[in-house]
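Chemist: let's see this in three dimensions:
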Amino acid sequence: MKMANNTVYINRIIKKYMQALACMIFLFCMISCSKDENRFSRDYPCSFTFFTEYHQTSDLAKILNNPGLFVIVTSRQVNGITQLTVAHGYDNKPETIKLTTEKERRFDYTNMGANRSIIIGCTSFSEQRAYDAQCPYCLDTKSGVDYPLAFIDNGQKVKCSVCNRIYELTNGTCISGATTNESMRLKEYRVKVYMENVFPVIYVSNK
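Modeler: Numbers count the residues shown, from 1 in each chain. This is a model prediction of the structure:
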């Protein structure tokens, strides 16, 4: 009888321990999800879809298999056709991509952050990242939206020509030019890569 009572007692202890552990895991997940959500900016609408199927050799398609490669993508309309200008940090030869297929013409490329320009790339840890291509400090403290960032350090960092702040592309943090106790990050957007017709599709948004 005594052994049976001990077994019941031990089972109760184990049950309480498992409940406490489950609660801790749940809270950890909630906190992690909350922090992850806070990474992404909703200050400006952003929705960008790129079908590598039609541009397999483009610099934008190359970011998927080249850790450390980032590009700045800018959108504009030319004679009713959306053209993307893709610039990278290792030379001064931007690429022009025309979106002329029926599928591409269904999409709206005007909502690309603050000023129709975003940074997309792959960190050295093979993690896809996307940011607004305008300086977050200038966007938040000045009027207008034209504060473009430019590549430095072989495309691993970007610098604002207005305030001279420098941002690291691996995690989006400001590493130079910030005042004391100033916490500033690039405005980050979500990146999703999915397959369509066996080709990757790059989707950037803040929804």
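Chemist: got a pLDDT number for the residue positioned nearest the centre of the chain?
Modeler: Among the residues of the chain, the one closest to the centroid is residue 130, at 2.6 Å (C-alpha atoms, centre = their mean). With respect to pLDDT, residue 130 has a value of 98.
Chemist: in a helix, that's where it is, yeah?
Modeler: No. Assigned with DSSP: H, G, I helix; E, B strand; the rest coil, residue 130 falls outside any helix and is strand.
Chemist: tell me how far it lies from residue 52.
Modeler: 15 Å (C-beta to C-beta, to the nearest Å). The way it works is simple: take the backbone N, C-alpha and C, and place the C-beta from them, glycine included.
Chemist: let me see the ranges of the helices in this protein.
Modeler: Using DSSP state H, the helices of the chain run over 2-39, 59-62, 136-141.
Chemist: so where is the chain shaky, pLDDT-wise?
Modeler: For the chain, the stretches with pLDDT under 70 are 1-37, 180-181.
Chemist: domain-wise, how is it divided?
Modeler: 1-39, 47-205 (automatic domain parsing).
Chemist: check contacts around the closest residue to residue 173 other than its chain neighbours.
Modeler: Of all residues not flanking residue 173 in the chain, residue 185 sits nearest, at 5.5 Å (C-beta to C-beta, 6 or more residues apart in numbering). If you count contacts by C-beta atoms under 8 Å, 6 or more residues apart in numbering, residue 185 has them with 136, 167, 171-174.
Chemist: ok, which stretches of this structure are strands?
Modeler: Ranges of strands in the chain, per DSSP state E, are 47-51, 70-78, 81-88, 95-99, 117-122, 128-132, 149-152, 157-160, 166-168, 174-176, 188-196, 199-205.
Chemist: for those, give me TSV that also has distance to residue 40.
Modeler: Output for the strands of the chain, formatted as TSV (distance: least, C-beta to C-beta, whole Å):
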stretch	distance to residue 40
strand 47-51	13
strand 70-78	18
strand 81-88	22
strand 95-99	25
strand 117-122	13
strand 128-132	9
strand 149-152	18
strand 157-160	18
strand 166-168	16
strand 174-176	17
strand 188-196	6
strand 199-205	9
